[in-house]
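1. give the three-dimensional model of this entry:
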Amino acid sequence: MSDVRALAKPSPAEMKKPYYCDYAGVPTIVGETRAWSFVEGAWKEISHAEAYTKARLIGEHEFRHLFGDLPPLPPPIRRR
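-> Prediction:
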């Protein structure tokens with residue numbers, strides 16, 4: 001099983017500090033410029049502004065308690 005700490009390993013350019021959130025019962029990770037929700041068994045990128053303003057910020061411990069083990073975030077997309 002995956003460790004939720006693995007979620008905090010995107011490249012520093014993508015996210016310096018993850019914010020663990022509960023977005024209407026959906027596990028959500030919000031970074032400085034990007035956000036992801038775990039929907040239908042996979043991480044999906046969502047609107048950063050929407051997640052930042054509407055998701056409930058929770059600590060990593062509560063995140064683990066509510067959502068259990070989740071796979072790591074997908075690797076950052078290489079931009080040319």
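2. burial of Ala55, as a residue count?
-> When neighbours are counted by other Cβ atoms under 10 Å, Ala55 registers 22. Placement of C-beta: from N, CA and C, glycine included.
3. with Pro76 instead?
-> Neighbouring residues of Pro76 were enumerated by other Cβ under 10 Å; the total is 13.
4. quick check, central residue of the chain?
-> The centre of the chain sits closest to Ile29, judged by Cα atoms, centre = their mean, with a distance of 2.0 Å.
5. over to it: give its phi and psi.
-> Per-residue torsions, Ile29: phi -120, psi 130 (degrees, to the nearest 10).
6. that one and Cys21 touch, don't they?
-> Yes: under the criterion of Cβ atoms under 8 Å, Ile29 lies in contact with Cys21, with a separation of 7.0 Å.
7. contacting residues for the residue nearest to the centre of the chain?
-> With contact taken as Cβ atoms under 8 Å, 6 or more residues apart in numbering, Ile29 is in contact with Leu7, Pro18, Tyr19, Tyr20, Cys21, Ala35, Trp36, Trp43, Leu73.
8. and the two most separated of those?
-> When Cβ to Cβ is used, the two most widely separated members of the contacts of Ile29 are Tyr19 and Trp43, lying 14.8 Å apart.
9. CA-only coordinates of stretch 20-27 in PDB, if you can.
-> Only the C-alpha atoms of stretch 20-27 are listed here, as PDB (Å, rounded to 0.1, in the frame of the first residue of the first chain):
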ATOM      1  CA  TYR A  20      -4.200  18.400   2.500                       C
ATOM      2  CA  CYS A  21      -7.900  19.100   2.000                       C
ATOM      3  CA  ASP A  22     -11.400  17.700   2.100                       C
ATOM      4  CA  TYR A  23     -13.400  19.000  -0.900                       C
ATOM      5  CA  ALA A  24     -17.000  17.900  -0.200                       C
ATOM      6  CA  GLY A  25     -15.800  14.500   0.900                       C
ATOM      7  CA  VAL A  26     -13.200  14.100  -1.900                       C
ATOM      8  CA  PRO A  27      -9.500  13.900  -1.000                       C
END
